[in-house]
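Q: got a predicted model here, sequence first, then my questions.
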Amino acid sequence: MSLHDRIEFVFISFIHDKMYSLFMDANKMLLAAGLKKGYSVLEVGCGPGFFTLPAAEIVGDKGIIYANDVNPFAIKKVDKKILKSGLNNVQTMLEDVTETTLKEQSINLVFFFGVIHSLMNILEKTLKEMHRILNAEGSIVIQKGKQSTTVLVERVEGSGLFKLVEEKKRMLIFEKI
């Protein structure tokens, strides 16, 4: 990673760690997204981990959070937070979300919070992988951003893999078909 990437990540970390909590409640968002005790959850684009630890607390000891990112600085930061928290139900994953090492049908829910804009060019491949890893009742939850909701829904439903079932609290919830 370049110096530019490192500086950008420091800035993103500051925003996530110091500013996000002023505007959003991670627990409320995660509960609204459908996280439950005992769930296996993939967090796509975990960044510095604003949602990671609250998600781990919600799913509890019988659940697991897979915190995915392609940025090694993000994974290092989340690993430090995990160690400091004492939680043992989080596994970080430094890998491309279009080809994860997760087992087929092993995940209950995937959430994309604050990251969908950076995946639009690889959305089709990402959706295929999410479909592979989600169990039969699995869902994906996408936090709406600046992109058109209509276009995003058309692209996700157009994959033939997911259907929109609910829109709430700036989130789109899709079920696996």
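A: Perfect, I can see it now.

Q: give me the buried stretch members for the helix of greatest length in the chain, please.
A: Longest among the helix segments of the chain by residue count, using DSSP state H, is helix 72-85. Neighbour-count burial for helix 72-85, counted by 16 or more other C-beta atoms under 10 Å, picks out 73, 74, 75, 77, 78, 81, 82. No exception for glycine: its C-beta is placed from N, CA and C like everyone else's.

Q: could those be laid out in CSV, adding distance to residue 42?
A: Compiled in CSV, the buried residues of helix 72-85 are given as follows (distance: C-beta to C-beta, whole Å):
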residue, distance to residue 42
73, 20
74, 15
75, 14
77, 18
78, 14
81, 18
82, 16
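
Q: which one of those is nearest to residue 93?
A: Closest approach between those and residue 93, by C-beta to C-beta: residue 75, at 7.8 Å.

Q: next SSE after the helix or strand containing residue 31?
A: Mapping residue 31 onto the secondary structure by DSSP states H and E places it in helix 26-33. If you walk from helix 26-33 toward the C-terminus, the next helix or strand you reach (DSSP H and E) is strand 40-44.

Q: circling back to that earlier point, packing partners of the longest helix of the chain?
A: Here helix 72-85 touches helix 3-14, helix 52-59, strand 64-69, strand 90-94, going by 3 or more C-beta pairs under 8 Å, 6 or more residues apart in numbering; DSSP states H and E.

Q: so can I have JSON lines of the buried residues of helix 72-85 showing distance to residue 166 and pLDDT?
A: Written out in JSON lines, the entries for the buried residues of helix 72-85 read as follows (distance: C-beta to C-beta, whole Å; pLDDT from 0 to 100):
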{"residue": "73", "distance to residue 166": "34", "pLDDT": "86"}
{"residue": "74", "distance to residue 166": "29", "pLDDT": "89"}
{"residue": "75", "distance to residue 166": "31", "pLDDT": "95"}
{"residue": "77", "distance to residue 166": "32", "pLDDT": "91"}
{"residue": "78", "distance to residue 166": "28", "pLDDT": "95"}
{"residue": "81", "distance to residue 166": "30", "pLDDT": "94"}
{"residue": "82", "distance to residue 166": "31", "pLDDT": "97"}
